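Chemist: please work out how this folds:
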Amino acid sequence: MDERENKPAEGASVSPSTDLYSGKALFALMVTLITAVLSYQLNASMITPALPNIGESYAISESTVGLVSSLFFLAGSIAGVVLTRWSDFIGRKKMLIYVLLVLLVGTIICAVAPNFTIFMVGRVLQGASGATFQLTYMILSESVTAKTFGTMMGFITAINGGVGGLDGWLGGVMVEKWGFRSLFILIAVLVVLAAILINRGISTEHERAGSGKMDWGGSAAMSITLIMLTYFVTFGGPHGWLSVPAIGFFAGTVVSAAAFYIIEVRSESPLFAMEHLGSRHVWPLILTTLFALSSVFAVINFTVAIFAQSTDVGYGLDAGTAALLFLMPPAMVGLIAAPISGRLAGKIGWLTVLRVGMAISIAAMVVIYLYLDSRWVVCAMIFLLGVSYNGMILTMVNGLGVLLAPPEAPGSLPGFNGAAFGIGASLGISIVAPFVGTFEGFRTAVLISVGIAILGLLTAFVLKPRVGQKI
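Modeler: Here you go, the predicted model:
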């Protein structure tokens, strides 16, 4: 058996034996960390309803305005991988403050940008703060015991999809009254508040810096790999997976990934050591995250959302009613289910909750496939996915990214797992998008998502803790 499979779990989870915070101090820590992640998350959830207004203000096409979100998430994926690992060397607290300062600069640029080019510079800087979630997860893990970590992790994960849909609604209201720039002013105030809270409320324990040097060569190679892979997925869906642009980006992905491998095996302090990346406590988690986002996320946020508004073959609902029935319920129930799932993980095991969440999600999507023409059955299943996906799966994969990280490189796995979120969401939509349009096409899209989710369940069963690790 490979020696890396027998490596002791000591240090793999950085949770202390006793809580560093308790009572009011623990509550203050949670407020601080939630404020930090909100300052980033609102740049996604509140901006979505503002996209038409942004397009009109800068006189750009709908396809061009799509860059507002796509480049934001791409920058977030890259930053999550690089900056989370860099925090192993300069300290979590310092890195989180740096990230928020970059976010503040980007937000101010967006608020005052005279043209779309400068606006997009701001959006990329905002996206570069994508390591916020991973850094808060790691700070939390280093602050409380494993038992407390599960519940607190659930509260932070619940913010990952926004504030139960209320943030999107508020964003729409603010855009109608004061224009899209008002959103960035609000977010800037929140960023400043988050930075102040972190500077005052986070223990100096998180200022510790590790030994070694940052692997900038590997970081560059992985960044190029993520860019190439993202555009392969982006072009593959609408233009065909064998189209010239898709093949070109796929070739770029292979070449840059090969360069990453060569750099990593030669590096004394790699971005992600190959022996860990190939172990059963790492690659199955990344694939489970990828498959979960490619399947369930696509069903909730694309297939059903589009079908609900289709006047030809769907329910013929307006955008507001469709969101009220099919987007807000999973987001709202996720706010409650995520902390409960985290607490449950501490009792019956993180892997168990993850596998059960995947199984329930598969069952719910099968029912959607069978009864797609029944609005209220689909609505009930979407609500159930709010529990199994928003609550159980997202909390588990985020927490496991911290708990299963290599002890000598705790920032490596959270960053890579975070990148799987963005790629998975894009991949899932790109795969099913060509099928939607007819009733049978929508059903086929759901069935494809079921197949991808089954792959996710299989990889979840391949995933295992380190020897001696009880999760």
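Chemist: most centrally placed residue in the chain?
Modeler: Phe421 (4.3 Å; C-alpha atoms, centre = their mean).
Chemist: excluding chain neighbours, what is closest to Tyr137?
Modeler: Nearest residue to Tyr137 in three dimensions, chain neighbours excluded: Val402, at 5.1 Å (C-beta to C-beta, 6 or more residues apart in numbering). Quick note: C-beta positions are derived from backbone N, CA and C, even for glycine.
Chemist: from what I can see the residue nearest to the centre of the chain touches Thr289, true?
Modeler: Yes: between Phe421 and Thr289 a contact is recorded at 6.4 Å, counting by C-beta atoms under 8 Å.
Chemist: on that earlier part again, thinking the residue nearest to Tyr137 is in contact with Glu142, fair?
Modeler: No: applying C-beta under 8 Å, one finds Val402 not in contact with Glu142, separated by 9.2 Å.
Chemist: among those two, which residue is more densely surrounded?
Modeler: Val402 (25 against 20; other C-beta atoms under 10 Å).
Chemist: what lies in contact with the strand or helix carrying Phe149?
Modeler: Assigned by DSSP states H and E, Phe149 belongs to helix 146-158. By C-beta atoms under 8 Å, 6 or more residues apart in numbering, the surrounding residues in contact with helix 146-158 are 13, 15, 19, 26, 30, 33-34, 37, 133, 136-137, 140-141, 144, 334-336, 338-346, 350, 390-391, 394-395, 398-399, 403, 471.
Chemist: give me the next element, helix or strand, following the helix or strand bottoming out on mean pLDDT in the chain.
Modeler: Across the helices and strands of the chain, mean confidence by mean pLDDT, DSSP states H and E is lowest for helix 62-65: a mean of 69. For helix 62-65, the following helix or strand on the C-terminal side (DSSP H and E) is helix 67-90.
Chemist: average model confidence for that following helix?
Modeler: What helix 67-90 shows for mean pLDDT is 85.
Chemist: what helices or strands is that helix leaning on?
Modeler: helix 24-45, helix 51-58, helix 92-112, helix 116-127, helix 132-141, helix 216-239, helix 412-432 (3 or more C-beta pairs under 8 Å, 6 or more residues apart in numbering; DSSP states H and E).
Chemist: for Trp178, which of these is the nearest?
Modeler: helix 51-58 (10.3 Å; C-beta to C-beta).
Chemist: how far away from the center of its chain is that closest one?
Modeler: 26 Å (C-alpha atoms, centre = their mean, to the nearest Å).
Chemist: check stretch 228-248 too.
Modeler: 22 Å.
Chemist: and what of stretch 120-137?
Modeler: 11 Å.
Chemist: likewise stretch 31-51?
Modeler: Per C-alpha atoms, centre = their mean, the centroid offset for stretch 31-51 relative to its chain is 13 Å.
Chemist: again with stretch 84-92
Modeler: On C-alpha atoms, centre = their mean, the centre of stretch 84-92 falls 19 Å from that of its chain.
Chemist: show me the domain layout of the chain.
Modeler: 12-209, 216-266, 273-471 (automatic domain parsing).
Chemist: just give me the lowest mean pLDDT stretch among those.
Modeler: Looking at these, the bottom one is domain 12-209 with a mean of 83.
Chemist: and the strands in the stretch 351-471 of the chain?
Modeler: In the stretch 351-471 of the chain, no strands are defined using DSSP state E, counting those that start in this stretch.
Chemist: ok, now which ones touch the residue nearest to Leu384 when sequence neighbours are not counted?
Modeler: The spatially closest residue to Leu384, leaving aside those adjacent along the chain, is Ala364, at 4.7 Å (C-beta to C-beta, 6+ apart). The contact partners of Ala364, by C-beta under 8 Å, 6+ apart, come to Met381, Ile382, Leu384, Leu385, Ser388.
Chemist: then Lys213?
Modeler: Phe89, Glu268, Ser269.
Chemist: and it, which of the three is it?
Modeler: coil (DSSP: H, G, I helix; E, B strand; the rest coil).
Chemist: next one: phi and psi at it?
Modeler: phi -120, psi 150 (degrees, to the nearest 10).
Chemist: follow-up on the earlier one: restricting to C-alpha, output the helix holding Phe149 in PDB.
Modeler: What follows is helix 146-158, C-alpha atoms only, in PDB (Å, rounded to 0.1, in the frame of the first residue of the first chain):
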ATOM      1  CA  ALA A 146     -13.600  19.900  15.500                       C
ATOM      2  CA  LYS A 147     -17.000  19.600  17.200                       C
ATOM      3  CA  THR A 148     -17.600  23.400  17.200                       C
ATOM      4  CA  PHE A 149     -16.200  23.700  13.700                       C
ATOM      5  CA  GLY A 150     -19.000  21.800  12.000                       C
ATOM      6  CA  THR A 151     -21.800  24.000  13.300                       C
ATOM      7  CA  MET A 152     -19.900  27.200  12.700                       C
ATOM      8  CA  MET A 153     -18.800  26.100   9.300                       C
ATOM      9  CA  GLY A 154     -22.500  25.600   8.400                       C
ATOM     10  CA  PHE A 155     -23.300  29.200   9.200                       C
ATOM     11  CA  ILE A 156     -20.500  30.500   6.900                       C
ATOM     12  CA  THR A 157     -21.400  28.000   4.200                       C
ATOM     13  CA  ALA A 158     -25.000  29.200   4.300                       C
END
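Chemist: contacts for the next helix or strand after that helix next, please.
Modeler: Proceeding N to C from helix 146-158, the next assigned helix or strand is helix 166-178, under DSSP H and E. With contact meaning C-beta under 8 Å, 6+ apart, helix 166-178 is reached by 41-42, 45-50, 53, 162, 182-183, 186, 323.
Chemist: please redo it, this time with the cut-off set to 6 Å
Modeler: For helix 166-178, the surrounding residues in contact (C-beta atoms under 6 Å, 6 or more residues apart in numbering) are Leu42, Ser45, Met46, Pro49, Ala50, Asn53, Ser182, Leu183.
Chemist: which members of those are classed as buried?
Modeler: Leu42, Ser45, Met46, Pro49, Ala50, Asn53, Leu183 (16 or more other C-beta atoms under 10 Å).
Chemist: looking at these, which is nearest Ser203?
Modeler: Looking across the buried ones among the contacts of helix 166-178 and measuring by C-beta to C-beta, the closest to Ser203 is Leu42, at 26.1 Å.
Chemist: that closest one reaches Ile187, doesn't it?
Modeler: Yes: contact status for Leu42 versus Ile187: in contact at 5.4 Å, counting by C-beta atoms under 6 Å.
Chemist: count of neighbours near the nearest residue to Gly55 once chain neighbours are set aside?
Modeler: Excluding the flanking residues, the one nearest Gly55 by C-beta to C-beta, 6+ apart is Val65, at 4.0 Å. Using other C-beta under 10 Å, Val65 has 19 neighbouring residues.
Chemist: repeat for Val121
Modeler: Val121 has 15 nearby residues by other C-beta under 10 Å.
Chemist: which residues are in contact with it?
Modeler: Ile109.
Chemist: please, which helix or strand holds Pro245?
Modeler: Here Pro245 is assigned to helix 244-266, by DSSP H and E.
Chemist: which residues does that helix contact?
Modeler: 217-218, 221-222, 224-225, 228-229, 231-232, 235-236, 270, 274.
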